[in-house]
Structure formats: structure tokens, C-alpha cells
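Participant: Build me a model:
(one chain, ligands or ions: 1)
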Amino acid sequence: MTIAIRYFTQTGNTKKMADAIAEHLGILAKPVTDDLDAKADILFICNSVYYIGIHKSVKEFIARNKANIGTLVNVSSAALIESSYKKMKKIAKANAVNLLEMEYHCKGSFKSIHKGHPNDEDLKNLIAFVDEVLKEYK
Ligand SMILES: Cc1cc2nc3c(=O)[nH]c(=O)nc-3n(C[C@H](O)[C@H](O)[C@H](O)COP(=O)(O)O)c2cc1C
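Facilitator: Numbers count the residues shown, from 1 in each chain. Modelled structure (predicted):
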């Protein structure tokens, strides 16, 4: 099974999450400017919301790479919204890409809100989520 990790970050929170997954799995987390060079059975798409939307570079990455994406797994943080899942679902649907129902979301620091998040506990929960996802695929 091939696993890949891509992220988009503006203030570092999403990279922190992507790197935690990468360290746990022993692979590299790359920015969405790096296209997939082979099929990824599972693609952890680490993202967030900016002005109520998922950044266009994430949308464009999925559109460009849809042929190489087996299943997308949504991993997100945000200051206010509960998850980017619904928005990601629309992107996945528009590109006929499978999006796993399980997802991971935590609070993400923004200015003075949620300082320190994602924190150690958020990252620990993220790793537990990753293990849960991979168990489903064994
Ligand atoms: C320019 C900007 C716009 C944002 N807009 C929203 C928003 O509309 N809703 C929300 O819940 N969080 C919003 N946030 C908070 C981010 O989703 C949150 O800080 C997230 O963890 C940022 O991830 P990053 O550090 O990887 O960029 C915004 C943050 C920035 C920097």
C-alpha cells in the first residue's frame, strides 16, 4: 500500500500536522506544489480554511493529481469552523475522487485564538487517527 502526504500551510499549523504524520510513518510530507509521481493508495490531504474556503492550491493539486489518488483522507485545523470536511467533499466529488468518511480535525491557532494549537495532545490524537485509518486498510 502506498501512502503519501500533502499539505498547504499559511502560518505553519498544517505543516506541523503533516510532519507529525510523516515522522510516524517514516515518509516525507510535501507541499501541494509537489505533484504525485505515482499512485497513492492513501493520500493524507492536510489543509485548513482561509476566509471560509480551502485554498485554491489544494483544489488545483487534487484536480491535477486525481488519476493518482486512491483515497483522500482529510486532515484539517481551523480557528472557528468544526472541520473542512464538507468543503473537501465538494472538491473530491467534483474530481470523482474517493474521500474517506473518517477525518481528523483540531483547533488551529489564529492570532490570539487557540494559542499553541495544534498542541502535543492534538498531534497525539492525530497519530492515533492515522493508525485507525491504516488498520481499516490492512
Ligand atoms: C488569512 C487567514 C484566514 C482565515 N480564515 C478562517 C476562516 O474563515 N475560518 C476559520 O475557522 N479559520 C480561519 N483561519 C484560521 C486558520 O484556519 C487556522 O489558523 C489554521 O490552523 C491555519 O493553518 P496554517 O497555519 O497551516 O495556515 C484563517 C487564518 C488565516 C491566516
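
Participant: ok, and the closest non-adjacent residue to the residue of the chain found nearest the ligand?
Facilitator: Closest residue of the chain to the ligand, Cβ to the nearest ligand atom: residue 108 (1.9 Å). Heads up, the C-betas are built off the backbone N, CA and C, glycines and all. Computed as Cβ to Cβ, 6 or more residues apart in numbering, the closest residue to residue 108 that is not its neighbour in sequence is residue 77, at 3.1 Å.

Participant: Kindly report the same for residue 32.
Facilitator: In this structure, residue 32 finds its nearest non-sequential neighbour in residue 61, 3.8 Å apart by Cβ to Cβ, 6+ apart.

Participant: From residue 133, how far out is the residue of the chain closest to the ligand?
Facilitator: Residue 108 is 20 Å from residue 133, where distance means Cβ to Cβ, to the nearest Å.

Participant: Comparing the two, which residue is more hemmed in?
Facilitator: residue 108 (24 against 20; other Cβ atoms under 10 Å).

Participant: Pretty sure that one sits against residue 80.
Facilitator: No: between residue 108 and residue 80 there is no contact under Cβ atoms under 8 Å: 9.7 Å.

Participant: shared neighbours, the two?
Facilitator: When Cβ atoms under 8 Å, 6 or more residues apart in numbering defines a contact, no residue borders residue 108 and residue 80 alike.

Participant: quick one: residue 55 and residue 6 touch, right?
Facilitator: No: with contact defined as Cβ under 8 Å, residue 55 and residue 6 do not form a contacting pair (12.0 Å).

Participant: quick one: which of these two has more around it?
Facilitator: Using other Cβ under 10 Å, the more surrounded residue of residue 55 and residue 6 is residue 6, with 25 against 18.

Participant: sec struct for that one, please.
Facilitator: strand (DSSP: H, G, I helix; E, B strand; the rest coil).

Participant: swap in residue 96?
Facilitator: Under three-state DSSP, residue 96 falls in the coil class.

Participant: how near is residue 134 to residue 17?
Facilitator: 16 Å.

Participant: what does residue 102 give?
Facilitator: Distance from residue 102 to residue 17, by Cβ to Cβ: 15 Å.
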